[in-house]
Structure formats: structure tokens, C-alpha cells
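Asks: predicted structure and sequence below. I'll ask about it afterward.
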Amino acid sequence: MPTPFSTDISPEKPRARLIKGALCALALLIPLQAIAVQAESLTIYSGRAERLIKPVLDSFSAKTGVRVELLSSGTTELVNRLKAEGDRTAADVLITNDAGSLEQARSAGLLRPLNMREVERAVPSQFRAPDNAWIGLSGRFWVIVYNKTLVKPHELRSLLDLAEPRWKSKIAIPNSGSEYLQAGISVIRATHGDEKTRHFLEGLKDNAGSEVYQKSSQIVDAVAKGQVALGIVNHYYVYRHLAAQPTAPLAVFMPDQHDGGMGAIMNVTGIGITKASKHVDSAKLLIEFLVAQAGQRLFADLDKEYPIHPDVKADPALIERKSFRAAQVPLTKLAELREPTLTLIEQVGLR
Amino acid sequence: MTAIYRQFTSPLQLIALASAGMIVLPLGYVLSQAFSADPAVWSRLWTTRIPELVSNTLWLAAGVAILTVLLGVSTAWLVTRIEFPGRRMWEGALVLPLAMPTYVLAYVYSYLLGFGGPVESLWQLLAGPQARIPSPHSFFGATLVMTLDTFPFVYLLSRSALLSMNVSFDEVARASGVSRLATLWRVTLPLMRPSLAAGVALVVLYVVSDFGAVSLLRYQTLTYAVYQQMTGRSDNTAASILSLLLVCMALVFLLTERWFRHRSRFYQTTGRFRLPVRDRYGWMGETLVTAYLTLIVGAAFGLPAYLLVTWSLSPEAQATVDDRFYGFFMNSAFLAGCAATVGVLIGLPLAYLANRKPTWLNLGCLQAAYAGYVLPGPVAALAVLVLCLHVTPFVYGSVIVLIVAYVIHFLPAGLQSLEPAIQQVTPNLEEVARTLGLGVRQTWRRVTLPLVRNGFVVAWVLMFLQTMKELPATLLLRPVGFDTLAIRVWMEATEEYYQLAAPSALLIVLLSLPTLVLLVSKDWRSGAEKL
């Protein structure tokens, strides 16, 4: 039987071939959209470093059989992406390293309010949204990490002191795109006001010079090597470094604990289910897993964070949680504080 | 021929118009967003970030330009004017650095020259334990890495200029009693000027649009800042403004390159042309030349490649070479394959029409397709993103967006090979075939296709490999589950897990090596951008 393509001279052919080729290429692209959306699979947008969250998610998959598709990227980038994708998003769950970003996503109507008894039992109310559209998972503090051979703890008191000229060229800081830097500065603004904060940022910028890093792990590394004397990071990067290299001359200073000090700046990582999610049950399963004692222990042991669950203990290497104060700025306020903070950061010209 | 025109014109025309639109519209959207931005945002950026960013970008461009000329011209002169053992081998080896993506070289050097790194330890053995070397995370580091990565562009252009130059000019100068050095300075170099200018403009274009190296070396340039703005802010206004500046800057260098490339055509020598005679300089000279070339090729390729291999063989790295790694490789191959195929399919009608029916419309479409040259990765990503949000929100977050960004970005490189391939085929050949009794389809199959096939293959391979290495647009637009080799390198390298980044990096380098053969033997200019 002659195939329809075996006819002899036909002027249509080159064009037909071209079009066929184009169609084939398109056909290749389309099914891929479908692959990501399968039953018993959760798509997670995660703003946390992959090496910190993937082990936790892997143990969830192992326990429940729910497959996890992970997109690791920047928190702000992912919130932007969720906004843009709207109802069509493939994401079922958003995990971030910053409560302010979650609150922003919630107020943009991207997250789904939840009514889960497990959550209310495990997570104190100051660590979640009023409607539970986002839920804190683990706590972290913005601390000063210092090299024990270069700095003595009595030289340190408040984060704000780090703007003094004596720290010139001795300090490493995260870059201005980092969500926890933005959150930290928001807290300082809310406590001390714009003028004092601006003064602080200008000094900090001068002192840091080109020691401005994209990743906290790099800052800890630089301090450990003595490239700089101290840095501002989230506490767990220091303890993770010490767990891998116990002899590193690193120590943590919990700032602003003096009389009249604002207290240490706290932030939480958190999770929310997207409004558009079609796998709400699996997503709830994930939340249940993460807030339960076993899940919380993973954050404490693997990541060296402070668990949110009141009955789960932090790693004994960490500074005892009860021994220091946290700043009195509610996490939910971080969202509204953020835009003016970004403007201030830009005016000062932080990198 | 008229029959062929009629068959092709209307649908081809539509495809060409649509492709040109697909490329120009995103650019237009970004620019209009920049122009319509609140003046307050403009003035804030202007008083804070812009001066630093622009001057950093220009300083880096200037530094790299000067050093690449020094390295490029000296190496080209050595391999064309001096005879020494292994000369032909060095001629090829000097192109090898092009196989290293800038971000790979950057992360190798941030290890080598980093605080407490091997180079510093060596230096401390000599100069005492307190001695420090300058940090690679600086102007110095960025300049060094970009120079080592891009000098082969200048080398290739200078080499072909030196080979095609009539040696009589030099001889006349020497016969008139001008010294060897003065001849070089007063005769040879001025004759090479157009090639040098074209090479430098190309290098600068490359430096200005680089994202990988500057982000790993933390050197703030406009391209890096666009990326930071896109990932750190909730609106894209500031990113658009910086993109506008970047596009203007890139356009200046692109036009410079074209202008000089055009001028360089005028200086082909005629009449009594002789190839230069290669001098010999005895064993001392030979040793010096070999040492110099070893140093350069070693620094730009040998040492980094050695480190990548050692790191890849470490147990930590071996543990990451599993199914997941294979998945990243497949993702890279799939995305690059799609982008290259779409690129060739789009490039064909554009090049064909502009060549066979050079109306202002068709030529305009072709020129529009070259817009990718002035759209660095983050800007191409931003452009596609902004357009997609306004016009086709339903494809946002899918593979299609990413592929469109790739095609916009890399089509110029493909067109550089497609265009000459189509120009080669004069309509006469097709007409002859027709008068000898072949049908349209047979003419196409037996005459046209065999003649253009090579150009197509080259274009496809070039676009494939450049897409494979692409970083910023992939970072910004990749859909869920589409991490590529380049993404893995970047993720590990930004946290300084050098060993873990090595297997992916090594694979990219190995896959890039075959393109170099294409570059050297075919039209090397095609690979100029982002190779």
C-alpha cells in the first residue's frame, strides 16, 4: 500500500517538511507540562537552600510515599513567580526562609487558610498567620559570628555597634537581596527608626567594603579562615560549619542582650499551601509531618535550627533558647515593613 | 525560481514576521517599562547604584580589552611568525579556553586565589606567613578570569590577520633600516588595527553580558545587578531601567564591532602576496616561547581542567553522580536540543527570505533577529518574562518561556552560520537544476539541501552548546524539575562546594570541545557570543 508521503514530485513537500518539523518540536514541548502534575506528587517551591530542605522532604517521601518535585530558588523570586502564575501555578506548597515573604504571599491571596488541629497544637500562635495560611516551621536568629583568635566577646554588644569605624574591613555581610537581611533591617527600623537605621547601614556598608556575600555559608567560611574577623549570619550556618569542622575558631554572639537592647532578631522558615493547589490533602500531610515532633527534630538535628514545637529541644550545641531575649516585632509585621526597608537599602546603596 | 518564490513566500513570510516579532516585542516591552518608570525610581537609582555599576562595568571591559590584546596579539604573532617545535599543536591549544564557561573558570580561580587557597599558601612559603595575595573577588579577579576566557577571540582574529597580511610591507620597512620592534609597532600593528578593534569589541560585548563569572567573583556589573534586582525585588522596574542602560552599552559595542569588521574587508592585499617566513630563534628562544605559551594555556585551560578532573574523582563528587545527575544531563540535553531546533527552524526562513527577496521587510526581520546580541541572559529572561505576563500568561512557568528566551539569546550565533550557508547557494544553481528537468522538490533535495546542510549542522551545534552552558535565563525561568548541569554547577559553586560542582562542570567542558573544531575550521565568529 502506498504511503501518503510517497507521491512523486510535489511542490508542497519542503514546506510540509518544515511545518512538520516545527510541529514535532512543539509536540515535544507540550507533554512535559503534564509530567509535573501527577497524582500523589507534590510540587514544592522552596526558597531554602536545597541541601537544608531536601533531606527533610526525602524523609517525608519515604514515610508517606508522596513524591516531591522540588524547585529551589530565591524566596522573593518564587513569590514573584507565584504571583505571576496565579491560578495556573504548578506549585502546591511554598516553603520560604522568611516570614515576611510568606505574609506577603498571604496578603496577595496566594495562600490557602487552614484549619488544622495539629498545627494549632504544635505551633505557638506568634509563629503563624492568624488564619494559618502560613505556618512557621523552624526559628533562626540573626547573630554575630566571630573568629575567636581575632575578636573577644567583650568587644561585642549590639548589631548597631558594627557600624563603628573600628570594624572597618573586618566584617562580612550578606547582600541586599537576602531576605533575612531585609527582615533584620526591618526589625531595626521598627525598633530604632529610619534615621538611626540609615546611619547604621551607611557605617556597615563602609566597614564591609567588598566583603558582601550571596550565601551565609560563605560568610562563615570567611570568618573561620580569618579573612574577616566577624560577620552577620543566621545562627545555624555557624553550627553546621562547626559540626563539619569542630576545630574551626568560630563562636556565636547573641547581640542586643544588654539593658535596653532590642533583643536578638528572629525570623522563621515557614510553609503555606497555595490557593491553586489540587493536592491539598497531600500538602496537609506534609505540614502535619513537618510540625509533628519527628519532623521538628529533623530541623533541629540536620539544620541546627530552633524547633518551633515547644516540646522539641534544640541541638545542645546551640545557645539555650531561654537564655536570651528576642526582639519584640511580630513576624506578621515584616511584610508591611519591607517595601520602605528596601527603599532605604537602595538609598544607602547596599550591594 | 519564481515558482519557488510563490511556493514559499507567503507562509515563510508569516513565519519570518512572527519570529522577528517574538524577538523584538520582549525587548520593546522592557524598554517601554523602563521609560515609563516613575522618575523617582530613576533618580534614586541614578544617585545610588548606577554610577558604581556603570563604572565597574566599563573598568572591567577596559581591563579585559587591554589584556586580551596583549595576550591575543602576542600569541598570534608567535605562532605565525616563529618556527618552534609543536607550533601546530599550540596553534590549536590556544583556542581551548573557549571550552571553559566563564563561571567554571571563575569558581576554579576563586578556589585557587581565594583566602587560604593554594596560591596564597605557596606565596606564604616564600614571603612569610602573614603575606597576602589580592582577593580574586574583586576587579583584579574578574579581569583575570574574563581575560583568560576571552583572549582566544583576539588571538583568532589576529592570527588570521597576520596570515593574510602581505609580508612585503614588513620587508620594505626592514630594508629601509627600521628595527624589528619598530616595524612591529609602526607597520604590522597598524595593519592589524581593524581586526583588533573587531576582536576587542567582541570581547567587550562578551564581558558586558557575562553573568556567571561576575556573580561568582562578586564583582558588581550591570548584568549582575539586573539579576539581583529581578530576584530581590517584587517589581521589575529597577531591573528594566538597568537593562535599558545595558542594552544601550551593548549596542555601542556591537555597532563598533560591525563597523570595524566591515572596514577590515578593505585591506586584503592584492598582487604579489607571499606568506610570511617563520624565523627560528635557537633553543633559548624556543624554550622561552614554549614556556610563555604553556603558562597561558595552562592558566586558562590546563590547570582548571586538571582540577575539575581531580575534584570529579573525589568520593564526595562521585557520590553525586547518580540517577539525579543523569536527569540533569538529560534536562540540559533536552532544553538545548529544543532551543537549537527551534532556532534553526526560525533562522531558516529569516535568512532565506533576506537573501532571496531582500525587501526592506525581510531585511528588517533578519536584523531584528540579531537583537539577541544586545540582550544579555538576565535581560533576555526579563524581557520574555514581562512580555509573557502581559500577553500570554498561560505559558508562564512552562518550558516554552525558557526556550523562547534561549532562542532570542542565541539566534544571532546560529544566523551567523545559516546566512553564509544560504548565500552560498546562488539561485542560478537551482535554476540550472530546474532547466535540466528536476522538479522543485528534487531540486531542493538534491541541490539546495546538500549545499546548506553543513551550515545548518554548524548552526544547530553552536546553539545547542551555548544553550547547554546558559546560566542566568535558566536560573530565572526554569520550570519545576528542570535543573540543568549549569544550574548544578552554579548552586554548588556559590556555596563553595568545589568538589560537588566539578562533575557537571567537567561534562560541560567535555561537550564543548567539539565546537572548538567547528569554530576553528568554519566560521568562528558564530561562536563568539557566550561560548
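Replies: Received, thanks. As the structure is a prediction and not an experimental result, all values here were calculated from the model.
Asks: quick check, the residue in the stretch 51-200 of chain A closest to chain B?
Replies: Proximity of the stretch 51-200 of chain A to chain B (Cβ to the nearest Cβ) peaks at A:Gly177, 3.0 Å away. All C-beta spots, glycine's among them, are computed from the backbone N, C-alpha and C.
Asks: what's the local residue count around that residue?
Replies: Neighbour count for A:Gly177, taken as other Cβ atoms under 10 Å in any protein chain shown: 23.
Asks: could you check how far B:Phe24 is from B:Leu411?
Replies: If you look again at residue B:24, you'll see it is Val, not Phe. 12 Å (Cβ to Cβ, to the nearest Å).
Asks: who has more neighbours out of the two?
Replies: Neighbour totals were compared for B:Val24 and B:Leu411, and B:Leu411 leads with 29 against 18 (other Cβ under 10 Å).
Asks: pretty sure that one is touching B:Leu348, no?
Replies: No: the criterion here is Cβ atoms under 8 Å, and B:Leu411 misses it with B:Leu348 at 11.2 Å.
Asks: where along the stretch 1-150 of chain A do the strands fall?
Replies: A:41-46, A:67-72, A:93-96, A:135-147 (DSSP state E, counting those that start in this stretch).
Asks: for the longest one, C-alpha coordinates in PDB please.
Replies: Taking only C-alpha atoms (Å, rounded to 0.1, in the frame of the first residue of the first chain), the coordinates of strand A:135-147 have been written out as PDB:
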ATOM      1  CA  ILE A 135       2.900  28.200  59.400                       C
ATOM      2  CA  GLY A 136       6.300  28.700  60.900                       C
ATOM      3  CA  LEU A 137       8.500  25.600  60.800                       C
ATOM      4  CA  SER A 138      11.800  26.500  62.400                       C
ATOM      5  CA  GLY A 139      13.300  29.500  64.100                       C
ATOM      6  CA  ARG A 140      16.600  31.200  63.300                       C
ATOM      7  CA  PHE A 141      18.400  34.200  64.900                       C
ATOM      8  CA  TRP A 142      20.500  36.800  63.200                       C
ATOM      9  CA  VAL A 143      23.700  36.500  65.100                       C
ATOM     10  CA  ILE A 144      27.300  37.800  65.100                       C
ATOM     11  CA  VAL A 145      29.700  35.100  64.200                       C
ATOM     12  CA  TYR A 146      33.300  35.900  65.100                       C
ATOM     13  CA  ASN A 147      36.700  34.400  64.800                       C
END
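Asks: give me the mean pLDDT for it.
Replies: In this model, strand A:135-147 carries a mean pLDDT of 95.
Asks: partner strands of the helix or strand following it, with direction?
Replies: Under the assignment DSSP states H and E, the closest C-terminal helix or strand after strand A:135-147 is strand A:171-174. Note on strand A:171-174: by DSSP bridges, its sheet partners are strand A:212-213 (parallel), strand A:230-234 (parallel).
Asks: confidence-wise, which of the ones you listed is weakest overall?
Replies: By mean pLDDT, the lowest-scoring of the strands paired with strand A:171-174 turns out to be strand A:212-213, with a mean of 86.
Asks: and the next element down the chain from that strand?
Replies: Next along the chain from strand A:212-213, counting by DSSP H and E, comes helix A:216-225.
Asks: what separates B:Gly116 from chain A, distance-wise?
Replies: To chain A, B:Gly116 is 5 Å away according to Cβ to the nearest Cβ, to the nearest Å.
Asks: mind checking the SS state of that residue?
Replies: Per DSSP: H, G, I helix; E, B strand; the rest coil, the local secondary structure of B:Gly116 is coil.
Asks: what's around it, how many residues?
Replies: With other Cβ under 10 Å as criterion, B:Gly116 counts 13.
Asks: for it, which residues are in contact?
Replies: With contacts defined as Cβ atoms under 8 Å, 6 or more residues apart in numbering or on different chains, B:Gly116 is in contact with A:225-227.
Asks: can you redo the strands of the stretch 1-150 of chain A as JSON lines with distance to A:Leu111 and mean neighbour count?
Replies: Formatted as JSON lines, the strands of the stretch 1-150 of chain A follow (distance: least, Cβ to Cβ, whole Å; neighbours: other Cβ atoms under 10 Å in any protein chain shown):
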{"stretch": "strand A:41-46", "distance to A:Leu111": "12", "mean neighbour count": "23"}
{"stretch": "strand A:67-72", "distance to A:Leu111": "17", "mean neighbour count": "19"}
{"stretch": "strand A:93-96", "distance to A:Leu111": "7", "mean neighbour count": "27"}
{"stretch": "strand A:135-147", "distance to A:Leu111": "10", "mean neighbour count": "25"}
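Asks: distance to chain B added to these, as a markdown table?
Replies: Conversion of these to a markdown table gives the following (distance: least, Cβ to the nearest Cβ, whole Å):
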| stretch | distance to chain B |
| --- | --- |
| strand A:41-46 | 5 |
| strand A:67-72 | 4 |
| strand A:93-96 | 11 |
| strand A:135-147 | 12 |
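Asks: which one of those strands lies closest to B:Ser160?
Replies: Each of the strands of the stretch 1-150 of chain A has some distance to B:Ser160 by Cβ to Cβ; the shortest is strand A:67-72, at 45.1 Å.
Asks: near chain B, which residues of the stretch 101-250 of chain A show up?
Replies: Residues of the stretch 101-250 of chain A lying near chain B by Cβ under 8 Å from any Cβ of the partner chain: A:104, A:175-178, A:210, A:212-215, A:217-218, A:221-222, A:225-227.
Asks: so what's B:Leu295 scoring on pLDDT?
Replies: If you check B:Leu295, the pLDDT there is 96.
Asks: which of the helices or strands spans it?
Replies: Secondary-structure assignment from DSSP H and E places B:Leu295 in helix B:282-297.
Asks: name the helices or strands packed onto that helix?
Replies: With contacts taken as 3 or more Cβ pairs under 8 Å, 6 or more residues apart in numbering or on different chains; DSSP states H and E, helix B:282-297 sits against helix B:50-81, helix B:87-93.
Asks: least confident of these, on average?
Replies: If you rank these by mean pLDDT, helix B:87-93 sits at the bottom with a mean of 90.
Asks: can you name the element that comes right after that helix?
Replies: Sequence order places helix B:102-112 as the next helix or strand after helix B:87-93, per DSSP H and E.
Asks: now do that following helix: distance to the chain's middle.
Replies: The chain centre lies 18 Å from the centre of helix B:102-112; the measure is Cα atoms, centre = their mean, to the nearest Å.
Asks: what lies in contact with the helix or strand just after that helix?
Replies: Sequence-wise, the next helix or strand downstream of helix B:102-112 (DSSP H and E) is helix B:118-127. Helix B:118-127 has contacts (Cβ under 8 Å, 6+ apart) with B:111-114, B:130-133.
Asks: run through the stretch 201-350 of chain A and note the low-pLDDT ranges.
Replies: Along the stretch 201-350 of chain A, no part satisfies pLDDT under 70.
Asks: show me what from the stretch 251-400 of chain B comes close to chain A.
Replies: Neighbours of chain A within the stretch 251-400 of chain B, by Cβ under 8 Å from any Cβ: B:338, B:341-342, B:345, B:348-349, B:385, B:389, B:393-394, B:396-400.
Asks: mind checking how far the residue in the stretch 351-500 of chain B that chain A sits nearest to is from A:Leu57?
Replies: Closest to chain A within the stretch 351-500 of chain B is B:Gly439: 3.5 Å, counting by Cβ to the nearest Cβ. Using Cβ to Cβ, B:Gly439 is found at 61 Å from A:Leu57.
Asks: look at those two and report which has more neighbours.
Replies: More neighbours surround A:Leu57 than the other of B:Gly439 and A:Leu57, with 23 against 16 (other Cβ under 10 Å).
Asks: tell me which residue lies farthest from the centre of chain B.
Replies: Farthest-out residue of chain B from its mean C-alpha position, per Cα atoms, centre = their mean: B:Gly437, at 44.8 Å.
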